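>>> prediction below, plus the sequence it came from.
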Amino acid sequence: MEKEKLAMFKKAHRAAKRRALKKSLLFKITIDDIVSQFYTQDKRCFYSGLQMNIIKSSKNGLLHDPFKMTIDCKNHLVGYTKENIVWCLYCVNSLKQRMSEEEIIDICKAVVIHNEKN
């Protein structure tokens with residue numbers, strides 16, 4: 001694996017561990033677990049199916065990348081276990097922290113319907 005990609009997986013692992021400690025959640029994943037999950041998902045967001053950026057991209061000159069990869073717990077009550085983690089887009093994870101999956105899907109459907117009319 002490229003050195004730069006491995007560094008991003010290690011960074012994601014450390015960040016997840018910090019979040020788990022901060023929220024008193026179970027943390028039982030390894031770097032190998034998260035790398036394996038990433039390739040099991042074919043480098044795509046678990047929720048949207050869109051391709052994720054492994055290396056933070058700044059095509060428009062901004063440091064923020066809504067398509068960067070992030071680790072998500074499907075069930076936040078369970079914590080970080082091999083069976084409970086997925087990779088998703090930063091923008092999707094941000095929504096998921098504030099809304100249910102059903103609410104996100106309803107909003108996405110509304111966006112599609114609205115844009116099909118225009």
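Received, thanks. Residues are numbered from 1 along each chain as shown.

>>> give the other helices and strands that the top helix by length along the chain contacts.
In the chain, assigned by DSSP state H, the helix with the most residues is helix 3-22. For helix 3-22, the contact count by 3 or more C-beta pairs under 8 Å, 6 or more residues apart in numbering; DSSP states H and E identifies strand 27-28, helix 31-40, strand 69-73, strand 80-81 as packing neighbours. Every residue, glycine included, has its C-beta placed from N, CA and C.

>>> what does the third one rub up against?
It refers to strand 69-73. With contacts defined as C-beta atoms under 8 Å, 6 or more residues apart in numbering, strand 69-73 is touched by 8, 12-13, 15-16, 25, 34, 38, 46, 52-54, 79-80, 84-90, 93, 96.

>>> what about this protein, any weak spots by pLDDT?
Applying pLDDT under 70 to the chain flags the ranges 1, 4, 55-63.

>>> if you set the cut-off to 80 instead, what comes out?
In the predicted model, the chain carries pLDDT under 80 at residues 1-5, 55-64, 118.

>>> and the helix or strand harbouring Lys96, what other elements does it pack with?
Secondary structure from DSSP states H and E places Lys96 in helix 90-98. With contacts taken as 3+ C-beta pairs under 8 Å, 6+ apart, helix 90-98 sits against strand 69-73, helix 101-117.

>>> does Tyr47 count as helix, strand or coil?
Three-state call for Tyr47 (DSSP: H, G, I helix; E, B strand; the rest coil): coil.

>>> quick one on the thing from earlier: most neighbours per residue, which of the helices and strands packed on helix 90-98?
Ranked by mean neighbour count under mean count of other C-beta atoms under 10 Å, the helices and strands packed on helix 90-98 are led by strand 69-73, which reaches a mean of 21.

>>> quick check, distance from it to the centre of its chain.
3 Å (C-alpha atoms, centre = their mean, to the nearest Å).

>>> ok, stretch 16-29 next?
A distance of 15 Å separates the centroid of the chain from that of stretch 16-29, by C-alpha atoms, centre = their mean.
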